[in-house]
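Peer 1: Sequence and predicted structure below; questions after.
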Amino acid sequence: MTNTNKLVRIATRKSALALWQAEFVKAQLEHFHKDITVELVPMSTQGDIILDTPLAKIGGKGLFVKELEQAMLDGRADIAVHSMKDVPVDFPEGLALHTICEREDPRDAFVSNTYADIAQLPQGAIVGTSSLRRQCQIRALRPDLEIRDLRGNVNTRLAKLDDGQYDAIILAAAGLIRLDMHERIKAFIEPEVSLPANGQGAVGIECRIDDEATKALLAPLEHSETRIRVNAERAMNRRLEGGCQVPIGAYALVDGEQVHLRGLVGAIDGSEILRADISGNTIDAEALGVQLAEQLLALGADKILADVYRDA
Ligand SMILES: NCc1[nH]cc(CCC(=O)O)c1CC(=O)O
């Protein structure tokens with residue numbers, strides 16, 4: 001199919017990372033289709049505006065994507081580029097996640113100006129993260145550390161570290177790598193120590209379900225292995241009814257026809273961490289995610305999550 005003179009407008013947040021991801025998709029689209037025009041439509045979202053309230057308290061779900069979705073529904077934009085980690089489970093009527101691009105490094109990263117890794121942190125050191133998932137896993141590993149809230153976009157978080165407000169902070173490696181700040185990563189935290197969030201490191205593209213012309217243009221950006229991994233992870237998260245601010249980790253790997261999925265649900269104080277894993281055929285990725293969620297529920301995840309939601 002040729003799409004001569006087709007215009008693709010990308011709704012995007014204005015953070016450095018969101019703009020990088022939108023520019024990445026723009027470059028990919030232009031690479032695969034020489035005859036199209038791609039424009040960025042930058043906008044602010046509720047999540048960018050309410051920066052001083054812990055996300056768990058404002059009910060997190062979709063905070064960073066609602067305005068982008070409205071722009072597509074209104075016809076002011078054609079696609080929205082998201083970090084898969086921040087994409088809610090369900091989509092508004094008329095929109096769907098059409099494309100998942102190849103995943104960047106999914107691990108969490110240890111960032112500090114003084115210490116080389118978590119093991120080197122002295123007793124009582126202050127670690128910045130607002131992620132309940134990172135918090136519970138670090139607390140389980142090092143109960144002596146003091147975890148403090150850390151909000152804002154990647155650059156804001158790094159500035160707070162450089163200010164001396166924290167001894168170390170934990171960020172997604174993918175964000176730092178994309179923003180060309182690889183050298184800020186002192187150590188990668190392996191999934192055995194900090195199981196990543198579902199979708200971490202993957203970029204997804206949402207569009208109108210009936211927009212066949214745009215969907216055809218997006219087709220070459222799809223990465224099937226990443227799709228399988230993220231589908232398994234998101235299915236687990238969905239069955240646990242986890243929003244984007246929950247102490248839940250989900251991480252899948254694909255090896256040939258096999259998908260291996262690990263899941264974790266933790267109490268925020270790190271006092272209890274439930275882990276389970278499952279393997280099966282890639283065709284069953286989503287069913288495996290649901291089964292793994294049910295294993296975790298049977299182990300007591302429902303009680304832990306009920307406590308988290310009650311305290312939020
Ligand atoms: N919650 C914010 C967010 N959403 C996506 C990323 C990083 C990039 C990615 O996971 O694709 C980050 C920052 C972070 O967790 O450090």
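Peer 2: Arrived safely, thanks for sending.
Peer 1: for this structure, which spans come out with low pLDDT?
Peer 2: Along the chain, segments meeting pLDDT under 70 span 1-5, 50-61, 243-244, 312.
Peer 1: Make sure residue 251 is indeed in a strand.
Peer 2: Yes: the assignment for residue 251 by DSSP: H, G, I helix; E, B strand; the rest coil puts it in a strand.
Peer 1: What residue in the stretch 201-312 of the chain comes nearest to the ligand?
Peer 2: residue 201 (4.7 Å; Cβ to the nearest ligand atom). C-betas here are computed from N, CA, C, even on glycine.
Peer 1: can you count the residues close to the closest residue to the ligand within the stretch 1-150 of the chain?
Peer 2: Among the residues of the stretch 1-150 of the chain, residue 83 lies closest to the ligand, at 3.4 Å counting by Cβ to the nearest ligand atom. Residues within reach of residue 83, counting by other Cβ atoms under 10 Å, total 25.
Peer 1: show me where the stretch 201-312 of the chain has strands.
Peer 2: Secondary structure of the stretch 201-312 of the chain (DSSP state E, counting those that start in this stretch): strands located at 203-208, 248-255, 258-266, 273-281.
Peer 1: closest one to residue 38 among these?
Peer 2: Closest approach to residue 38 among the strands of the stretch 201-312 of the chain is made by strand 203-208 (12.1 Å; Cβ to Cβ).
Peer 1: Give me the spatial nearest neighbour of residue 231, chain neighbours excluded.
Peer 2: Using Cβ to Cβ, 6 or more residues apart in numbering and skipping the chain neighbours, the partner closest in space to residue 231 is residue 285 (4.7 Å).
Peer 1: Would you agree that neighbour is in contact with residue 236?
Peer 2: No: counting by Cβ atoms under 8 Å, residue 285 stays clear of residue 236, with 10.1 Å between them.
Peer 1: tell me which parts of the stretch 51-200 of the chain are close to the ligand?
Peer 2: 83, 85-86, 154, 171-172, 174-175, 200 (Cβ under 6 Å from any ligand atom).
Peer 1: Just list whatever residues bridge to residue 80.
Peer 2: Assessed by DSSP bridges, residue 80 has beta-bridge partners residue 11, residue 206.
Peer 1: How about the contacts made by it?
Peer 2: 10-12, 65, 68-69, 71-72, 205-207 (Cβ atoms under 8 Å, 6 or more residues apart in numbering).
Peer 1: try 6 Å
Peer 2: Each residue near residue 80 by Cβ atoms under 6 Å, 6 or more residues apart in numbering is listed here: 11, 68, 206.
Peer 1: how much space is there between the closest residue to residue 172 other than its chain neighbours and residue 241?
Peer 2: Nearest residue to residue 172 in three dimensions, chain neighbours excluded: residue 200, at 5.6 Å (Cβ to Cβ, 6+ apart). Residue 200 sits at a distance of 19 Å from residue 241 (criterion: Cβ to Cβ, to the nearest Å).
Peer 1: So for the two, which residue has more residues nearby?
Peer 2: residue 200 (27 against 13).
Peer 1: Tell me the spacing between the more buried one and residue 110.
Peer 2: Counting by Cβ to Cβ, the gap from residue 200 to residue 110 is 15 Å.
Peer 1: Helices along the stretch 151-300 of the chain, start to end?
Peer 2: Ranges of helices within the stretch 151-300 of the chain are 154-162, 173-178, 212-218, 224-239, 285-299, based on DSSP state H, counting those that start in this stretch.
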